[in-house]
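A structural model of the following input is requested.
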Amino acid sequence: AVLCTDGPVRSLVGLSLAPEHRRGHGALYDAMNCGRIDVARLQTTLAGVPLPRATDGRLVLAVDVSPWLRPDAHTSPDRSFCHTYGRGKDQHLMIPGWPYSIVAALETGRTS
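Have a look, this model is predicted:
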């Protein structure tokens, strides 16, 4: 269902609106609470998805590194200091949190 939505998935309820989901949003939350992920099966499935390519066959990638700021989570493991831009008037601060990265393969045209 995630791969078949028309736009970004912003919530689990929004995901349940995709026709491929075929269940109500209550079932989705129940599955999240009681379910598990077969990591090997997920890896195999994602590895089989064809990557979009440019017209000349090249793979064009975009990378984003964003911080997930959690300054009040004092007991959370593995927090590091994330560099933030423009929080406040011309200030660049180091705030505790987790940096995460997203790599996306881009299609040609405006759909990217």
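
can you list the domains in the protein?
Following the assignment in the TED database, the chain carries domains at 1-35, 51-106.

now tabulate those in CSV and tack on mean pLDDT, distance to Thr44 and mean neighbour count.
No exception for glycine: its C-beta is placed from N, CA and C like everyone else's. Listed next are these as CSV, based on pLDDT from 0 to 100; distance: least, CB to CB, whole Å; neighbours: other CB atoms under 10 Å:
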stretch, mean pLDDT, distance to Thr44, mean neighbour count
domain 1-35, 73, 15, 12
domain 51-106, 81, 16, 11
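
can I get those in CSV with distance to Leu42?
CSV is the format used below for those (distance: least, CB to CB, whole Å):
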stretch, distance to Leu42
domain 1-35, 11
domain 51-106, 17
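
show me the helices in the protein, by range?
12-15, 25-34, 39-47 (DSSP state H).

residue contacts, Leu106?
Counting by CB atoms under 8 Å, 6 or more residues apart in numbering, Leu106 makes contact with 52, 60-62, 112.

would you convert those into TSV that also reports distance to Ile102?
Output for those, formatted as TSV (distance: CB to CB, whole Å):
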residue	distance to Ile102
Pro52	16
Val60	15
Leu61	11
Ala62	8
Ser112	14
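
coming back round to it: out of the domains of the chain, the one nearest Thr45 is which?
Proximity to Thr45 (CB to CB) singles out domain 1-35 among those, at 9.4 Å.

closest one to Ala27 out of the contacts of Leu106, please.
Closest to Ala27, out of all of those and judged by CB to CB, is Pro52, at 31.6 Å.

what's the longest strand in the chain?
strand 94-106 (DSSP state E).

list the neighbouring strands of that one plus their orientation.
Sheet pairing for strand 94-106, assigned by DSSP bridges, gives strand 60-69 (antiparallel), strand 80-83 (antiparallel).

in TSV: these, plus distance to Thr5.
Shown next, in TSV, are those (distance: least, CB to CB, whole Å):
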stretch	distance to Thr5
strand 60-69	19
strand 80-83	29
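
go through these and name the closest to Gln91.
Here strand 80-83 is closest among the strands paired with strand 94-106 (CB to CB), at 11.4 Å.
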